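Asker: Quick one, structure for this:
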Amino acid sequence: MPLKLPENKVIITVAQTGALVTKAQNPNLPEQPEEIAASAYDCYNEGAAIVHIHARDKNGITTGSAEVFRDIHERIRKRCNIVLQDSTGGGANLSVKERTECLEARPEMASLNMGTMMRTLGAAAGTPFANTRPDIEAFVTRMNEFGVKPEMEVYSLSMYREVNNLIEKGLLEKPYYVNLILGMAYQGALEANPLYLPVYLQFLPAPGDTIFNTLGVGAAQTGITTIGMILGGCVRVGMEDNIYYRKGELAKSNAQLVGRIVRIARELGKEPATPDEARQLLGLKPLKG
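Answerer: As a prediction, the model looks like this:
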């Protein structure tokens with residue numbers, strides 16, 4: 001069994017922007033630093049403990065710029081103490097080096113993609129989203145230099161090999177944090193079938209030392225995260241993964257999506273963890289001051 005959260009708690013992450021979604025698809029998507037910070041504060045007030053951050057330049061193009069990430073961090077910190085988790089996934093326009101530049105902005109956590117997939121969406125369809133073993137090891141080594149906790153993003157069971165590799169080489173600190181993703185359209189990723197979740201958990205690396213999160217892409221978001229909570233995991237929602245509130249109805253905000261999962265959590269007898277409670281559960285350092 002995975003490392004258990006308290007039965008009456010759930011850690012909620014909100015992924016607000018992503019690298020692929022645009023305002024043309026949903027005009028409520030936050031892109032610029034002030035939009036992202038204001039949205040993060042609204043999500044915090046709804047019950048999110050962690051904000052997963054992608055940055056855009058002034059033209060709305062995905063960027064790895066530490067300066068932009070730092071600007072976003074500062075704007076969020078003026079409002080609340082939500083846990084800052086930056087993305088090193090970036091976009092197809094970013095090099096491996098650019099994808100790790102955000103670490104210079106000193107987030108508390110950062111995503112770590114655990115394998116290579118073939119893109120099937122957008123202008124970059126047909127190109128690999130490359131995350132080789134040397135790349136993964138280099139990413140986590142750089143995270144360790146900055147004291148950043150990896151959020152290991154797993155899209156298929158085969159990616160557990162890379163999780164185990166990092167554990168065996170002593171590159172991770174307990175508790176390990178694994179994000180189990182279902183429904184990504186890229187080749188190599190598992191479909192959004194909820195029956196995959198128990199299989200994921202059956203083979204979870206170092207289960208006694210691992211906290212898991214669940215993420216469903218698109219229409220699967222609410223169902224997958226609800227089952228994930230029932231199974232004892234953390235959850236992630238937000239417009240990076242799903243731009244709709246229900247079929248045919250665009251989400252009005254990320255906070256709207258957070259509010260719904262909080263209501264479901266409370267029906268299951270779970271209260272959303274505060275950012276400080278999440279830090280304690282995940283082994284993060286408390287905020288200074």
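Asker: can I assume K9 is in contact with L268?
Answerer: No - the pair K9 / L268 is not scored as a contact, 11.1 Å apart, by Cβ atoms under 8 Å. C-beta here means a position set from N, CA and C on the backbone, and glycine is covered the same way.
Asker: which of those two has more neighbours?
Answerer: Taking neighbours as other Cβ atoms under 10 Å, K9 and L268 compare with K9 leading, 17 against 13.
Asker: give me the beta-bridge partners of the more buried one?
Answerer: Beta-bridge pairing for K9 (DSSP bridges): E271.
Asker: give the contact list for it.
Answerer: By Cβ atoms under 8 Å, 6 or more residues apart in numbering, K9 lies in contact with 270-273, 277, 281.
Asker: before we move on, which element is K252 in?
Answerer: Following DSSP states H and E, there is no helix or strand that holds K252.
Asker: so it touches Y245, yeah?
Answerer: Yes - using Cβ under 8 Å, K252 is in contact with Y245, at 7.0 Å.
Asker: neighbour count winner among those two?
Answerer: Y245 (15 against 11).
Asker: Please enumerate the strands of the stretch 51-200 of the chain.
Answerer: 55-56, 62-63, 83-86, 109-113, 117-118, 128-129, 149-154, 176-182 (DSSP state E, counting those that start in this stretch).
Asker: Of all those, which one comes closest to A48?
Answerer: strand 83-86 (9.0 Å; Cβ to Cβ).
Asker: partner strands of the closest one, parallel or antiparallel?
Answerer: The pairing partners recorded for strand 83-86 under DSSP bridges are strand 50-53 (parallel), strand 109-113 (parallel).
Asker: Mind listing what's buried along that strand?
Answerer: Neighbour-count burial for strand 83-86, counted by 16 or more other Cβ atoms under 10 Å, picks out 83-86.
Asker: No more questions from me, cheers.
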